[in-house]
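Student: Give me the fold of what follows.
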Amino acid sequence: MADQVTIDKKLFHDRLSAFLAAWKTDRRSGDGIFQGVGSIVICVGKASEGEYPKSSAFQLWLFGYEFPTSLFIITPETLHVVMTKKKATYIQPLKDGKVPIEIELCNKDPLQNGTQLKKCLDIIKAAGKKVGVLSKENPAGPFAQEWSKVFGGISKELDLVEISNVFSAAALAVKDERELRAIRDASRASSGLLKEFFVEEMSGILDEEKKITHAQLADKVNAKIEEPQFFKQLKVAAGFDPTALDWATMPVVQSGGSYTLKFDTPSDNSSLHAGVIVCALGLRYQSYASLVARTYMVDPNKEQEENYAFLLEVQKLVFKNLRGDVLAKDVYNKALSYVASKKPHLKDHFLKSIGAGIGVENQDPNLVLNSKNTRPLKDGMTLTIVVGFQGLENKKAKNQRGKVYSLILADTVRVTGGEPAVFTKDAPADLETIAFFFNDSEQEEEAPKPKAKKDAKIGAVAQKNITATRLRNERAANQDAEKEAARREHQKELHAKKQEQGLEKYVKGTGNLNGTEERKFKRFESYKRDSQLPPRVKDNIVVVDSKSFTVVVPIMGRAVPFHINTIKNANLTPEGEFTSLRINFLSPGQGVGRKEDHPFEDPNAHFVRSLTFRSQDTDRMQAIVQQITELKKDVVRRETEKKQMADVVEQDKLIIDRRPARLESVFLRPSIDSKRVSGEVQIHQNGLTYSHGMGNASIDILFNNIRHLFFQPCKSELIVLIHIHLINPIMIGKRKTTDIQFMREATDMQFDETGNRKRKQRYGDDEEFQAEQEERRRRAELDKQFLNFAKKIEDAGRDTIRVDIPFRDLGFNGVPARSSVWISPTTDCLVQLTEPPFLVITLYDIEIVHLERVQFGLKNFDMVVVFKDFTRAPQHINTIPVESLDAVKDWLDSVEIPFTEGPLNLQWPTIMKTVQADPHTFFVEGGWSFLGANSDSEDEEQSSEESAFELSDEEVVSDESESEASDFDEDASAEETDPDASEDDDTEGEDWDELEKNAKKADRARPEQEEPAPRKRKR
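Tutor: Just a heads-up that it's a prediction; the model follows:
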């Protein structure tokens, strides 16, 4: 284990130098944070179980490891460390960095450490009288006791200052990218464990009416951390290591009137009560903690539902106010004021604080969101937001344990400049998801009455459709409807948010967004002086000067040059013995019916449309026409290349590593030449280099030009690959590309069953089984080799690159270019990496997605991706099977992308020109709402038709007679109330009298049945 301790030297020095820089800056600005201390002393005793103290949290932030039995003295210039020889071997490589480090070795016998400790005292005295200490910590162990005695001897001469808030403000509170990624992954794992395991386990126990205690249920959740395969199935993130998980907050389950919403006490041995159930847990990943808590209600009454819905409103308000530069107390006080104004009786039940900072520490005591904390929030802070009502009374409780209940929601979030990023959003908290209805015991029990009188407006069919349960297995259809309703509601919120963002971004006067400046009149200069004219113009002939891109023609005995860009074309016309050369020039009004592509300085001036020359030398004339045509083509080609190369940037110089990591025998796509030759990829200090074949050609890819890095295994594919999507394109050969791929085929020719190469004489099932096993082993080895190399690239990129792996299970078939391919989402993108041309769409770049040809009867639909950069052409993915429609909608909704759908294909070039012309007016007039107008109007028509349907008294009587003798299932009800069915269509149906006669005959033919007992109503 000791050999595995490796400290990131660059990260250590970056963080330590940032801490010291903040210290020096604070000195110049008035010592508001560091309070004027000259040195900081941190003594760490023996390692202890439980929550990390501030000293251990600072060590983990700085080193990535905890070093017990050690002493740290920090001054604005140097870090002094006193520790054992073995621990010092891990710190030694950190020397010779940005910040000087002095290491003193101590012995296990504290009596022999006098010299080292006395030296530390001298350093402290020299730095100044004010010394920062962690006075609330009491480190244990012989070394800590010895230091306490030595330091206590001079403590009276010093001014000791408590600096726990310093570590919070200058080091621990604001997280960098690596810390944020660890907290995000921990939060996703926590919310996945709650959603995929606890909810299923709890609902199964309640459904089967099993007896279990809170502690037993919590232990089941606790044991799940020992199953890495479970967390792999959650697909937390690419490269996620389940073995690095640990508990930050042990699972806590509470119900039955006993609720402690601080979650610092273990679950008790009371039995699980089918009422209000609270569960909280928090996983720690790579030393960084998370927390998620949810309240689940079984058969809640109306008051409980209203209180929970109000709690969701309070949480939404807190999230809205949670942003950078807002004071912590303001967030709490606004939430409390909202509760007091809307529901005053809940004010006393509201929690005294609504969260705190989280990171290495489970809770930062210096960053608590209460009514008194004046500390401002900063972009990059991570918090636990805990809103709840405690000790509420349930007046309709069925038993003693249900009389008191509490409601709570806890999430881990990141503070940003706008709305916070909720890391635990995968654990749903909406009322439809957390409410379980197993029975309807609160309904009044009435004695069964024969032929009970029915409301004239309620038909027999509708009452027969009322069921007694709402379990998932029995009510799949209702669940789908609820899921669709929740998705629609979420999409409305996303569209409203997108509309607000558009109005904020494109204020009045934004102007045209065509991405190019308005076309201007261009002046072309062929020659600066007469001496530059070709010598042959003296002969008064037409001369084509390819070097100057000019055609010189004789007019009135003088040589007149015309730049090739002013010439439209040239053609020949035979006229007996003569041949006429006609040179046509560009002039206004030529583009009849088309947009004028060539602006002119003064369109109202007089223009020469053409010049005609006659000659008997036909060959000479043909040569001139050919030269003009070729010169015109050459100029167009040059202009095209210039436009293509406009976004190609020159990369920095590659810094060569003497011992680079290598990946051999890989093929490059797109290839450098037409030959199929493998090459080698090497990882250097600031980028990659690919050597083609024998090293005759190479391509450099710098880390600062990599936007996305993908690894795609060979599972269900014929190749394994590493794909790089660039920020700026580079040139490979004569082609510009933003996507580079290193791949290797997963099959091996020596195992080819055609018998062409190296086939061994093996026959039978055993041999085939061995060949299959060998194929699987070879594929697994390829995946491992390429994944390890991708991770090495990620590590070399130093937090600027992250490996992303496509989620094939969430993919779908589509045609983004020429052929139908499998398109898979990743954490940050939507990709197709198997067949060129490759498809990489960054989710952050997407403005909105529109689904076309979504209508009954069609087997396929199309997807149009509109980008935030309106000058970028929308990406079309055509011919997606309609079976993937719900999956595509679910995925788009889960990644917070607004989408619409319609039955027809739209003219997107025209739409985008309208948007680009005046984006402000576009959003003022409703923005993208026109895309969903058709579907919304259809829904309104259906609802209006359904609401207009009423039964007459005669129809109710017939319904009653039918309901006594027959049962109608849900499908029959759906057919009766089908809004698409025509109400006026009676050409082939029987009239009511005939139907009534047939019903009476059926009643006589059927034996008498007992009146069915009335069913319980579903909530």
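
Student: Quick check: what element follows whichever strand in the chain runs longest along the chain?
Tutor: For the chain, the strand with the greatest residue count under DSSP state E is strand 719-732. Going down the chain from strand 719-732, the next helix or strand is strand 735-745, by DSSP states H and E.

Student: What are the contacting residues of that following strand?
Tutor: When contacts are defined by CB atoms under 8 Å, 6 or more residues apart in numbering, strand 735-745 is touched by residues 644-645, 648, 663, 665-670, 681, 690, 699, 701, 718-726, 728-732, 782, 786, 833, 838, 840. (Each C-beta comes from the backbone N, C-alpha and C, glycine too.)

Student: can you rerun that using 7 Å?
Tutor: Residues from elsewhere that reach strand 735-745 (CB atoms under 7 Å, 6 or more residues apart in numbering): 644, 648, 663, 665-670, 681, 701, 718-726, 729-730, 782, 833, 838, 840.

Student: How about the residue in this structure that sits furthest from its center?
Tutor: Residue farthest from the centre of the chain, counting by CA atoms, centre = their mean, is Glu577 at 75.2 Å.

Student: Helices of the stretch 101-250 of the chain, start to end?
Tutor: Taking DSSP state H, counting those that start in this stretch, the helices of the stretch 101-250 of the chain run over residues 114-127, 142-152, 164-167, 177-193, 199-207, 214-223, 228-233.

Student: same deal with the stretch 851-1000 of the chain?
Tutor: Here the stretch 851-1000 of the chain has its helices, by DSSP H, counting those that start in this stretch, at 885-894, 908-917, 919-924, 933-947, 953-965, 970-976, 992-1005.

Student: and stretch 273-280, average pLDDT?
Tutor: On average, the pLDDT along stretch 273-280 is 92.

Student: picking that back up, the closest residue to the residue farthest from the centre of the chain other than its chain neighbours and Ser610: what is the separation?
Tutor: Closest residue to Glu577 apart from its sequence neighbours, by CB to CB, 6 or more residues apart in numbering: Gln616 at 5.8 Å. Computed with CB to CB, to the nearest Å, the distance linking Gln616 and Ser610 is 21 Å.

Student: Which one's more surrounded, the two?
Tutor: A side-by-side neighbour count of Gln616 and Ser610, using other CB atoms under 10 Å, places Ser610 first with 14 against 10.

Student: Just grab the bridge partners of the closest residue to that one other than its chain neighbours for me.
Tutor: Spatial nearest neighbour of Ser610, excluding adjacent residues (CB to CB, 6+ apart): Asn584 at 4.7 Å. Beta-bridge partners of Asn584, counted by DSSP bridges, are Asn569, Ser610.

Student: Quick check: Asn584 touching Asn569?
Tutor: Yes. Using CB atoms under 7 Å, Asn584 makes contact with Asn569 at a distance of 5.4 Å.

Student: about what we covered before: which ChimeraX command selects the buried ones in the contacts of strand 735-745?
Tutor: In ChimeraX, this line selects whichever of the contacts of strand 735-745 come out buried by 16 or more other CB atoms under 10 Å:
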select :663,666,667,668,669,681,701,719,720,721,722,723,724,725,726,729,730,782,833,838,840
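
Student: what sits against the residue most central in space within the chain?
Tutor: Central residue of the chain (CA atoms, centre = their mean): Asp828, 5.0 Å from the mean position. Going by CB under 7 Å, 6+ apart, Asp828 touches His708, Asp804, Thr842, Leu843.

Student: How is the first one classified with respect to secondary structure?
Tutor: At His708, secondary structure determined by DSSP: H, G, I helix; E, B strand; the rest coil is strand.

Student: List the beta-bridge partners for the residue nearest to it when sequence neighbours are not counted.
Tutor: Excluding the flanking residues, the one nearest His708 by CB to CB, 6+ apart is His725, at 4.0 Å. When bridges are called by DSSP bridges, His725 pairs up with His708, Asp739.

Student: which neighbours does the helix or strand hosting Pro251 have in its sheet, and in what orientation?
Tutor: Here Pro251 sits within strand 245-255, counting by DSSP H and E. Its sheet considered, strand 245-255 pairs with strand 276-285 (antiparallel) by DSSP bridges.

Student: Give me the residues contacting the helix or strand just after the partner strand.
Tutor: Counting by DSSP H and E, the next helix or strand C-terminal to strand 276-285 is strand 292-298. If you take CB under 7 Å, 6+ apart as the criterion, strand 292-298 is touched by 187, 190-191, 194, 202, 206, 263, 274-282, 304, 308, 407-412, 424, 427, 429, 434-436, 438.

Student: For the longest helix along the chain, name the packing helices and strands.
Tutor: Across the chain, the longest stretch assigned as helix under DSSP state H is helix 765-796. Contacts defined by 3 or more CB pairs under 7 Å, 6 or more residues apart in numbering; DSSP states H and E place helix 765-796 against strand 661-669, strand 679-683, strand 706-712, strand 719-732, strand 803-804.

Student: looking at the ones you listed, which is closest to Asp918?
Tutor: Closest to Asp918 of the helices and strands packed on helix 765-796 is strand 719-732 (CB to CB; 29.9 Å).

Student: Check for me that Gln622 belongs to a strand.
Tutor: No. Applying three-state DSSP, one finds Gln622 to be helix, outside a strand.

Student: ok, it - contacts?
Tutor: Counting by CB under 7 Å, 6+ apart, Gln622 touches Leu572.

Student: Mind checking what helix or strand follows the least confident helix or strand in the chain by mean pLDDT in sequence?
Tutor: Using mean pLDDT, DSSP states H and E, the weakest-scoring helix or strand in the chain turns out to be helix 460-464, at a mean of 36. Once helix 460-464 ends, the next helix or strand along the chain (criterion: DSSP H and E) is helix 476-505.

Student: Buried residues in that following helix, which are they?
Tutor: For helix 476-505, burial by neighbour count (16+ other CB under 10 Å) applies to Arg487, Gln491, Leu494, His495, Lys498, Gln499, Gly502.

Student: Report the spatially nearest residue to the first one, omitting neighbours in sequence.
Tutor: Spelled out, it's Arg487. Nearest residue to Arg487, sequence neighbours excluded (CB to CB, 6+ apart): Asp893, at 5.2 Å.

Student: tell me the contacts of that neighbour?
Tutor: Asp893 neighbours (CB under 7 Å, 6+ apart): Arg487, His490, Gln491.

Student: could these be laid out in TSV, adding distance to Lys343?
Tutor: Below are those laid out as TSV (distance: CB to CB, whole Å):
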residue	distance to Lys343
Arg487	29
His490	25
Gln491	29
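
Student: of those residues, closest to Lys632?
Tutor: Gln491 (52.2 Å).

Student: How about the contacts made by the nearest residue to Leu718 once chain neighbours are set aside?
Tutor: Of all residues not flanking Leu718 in the chain, Ala746 sits nearest, at 5.8 Å (CB to CB, 6+ apart). Taking CB under 7 Å, 6+ apart, we find Ala746 in contact with Cys714, Leu718, Ile719, Val720, Arg779, Leu782.

Student: Turn these into a markdown table, columns for distance to Lys403.
Tutor: Compiled in a markdown table, the contacts of Ala746 are given as follows (distance: CB to CB, whole Å):
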| residue | distance to Lys403 |
| --- | --- |
| Cys714 | 60 |
| Leu718 | 65 |
| Ile719 | 64 |
| Val720 | 61 |
| Arg779 | 61 |
| Leu782 | 63 |
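
Student: closest to Phe930 among those?
Tutor: For these, the residue nearest Phe930 by CB to CB is Ile719; the value is 42.8 Å.

Student: Show me the contact partners of stretch 801-816.
Tutor: 235, 238-239, 703, 706, 708-712, 716, 790-791, 793-794, 820-829, 831-832, 839, 863, 875, 877-881, 884, 887-888, 891.

Student: if you average pLDDT over it, what comes out?
Tutor: Per-residue scores along stretch 801-816 average to 93.

Student: All set now, cheers.
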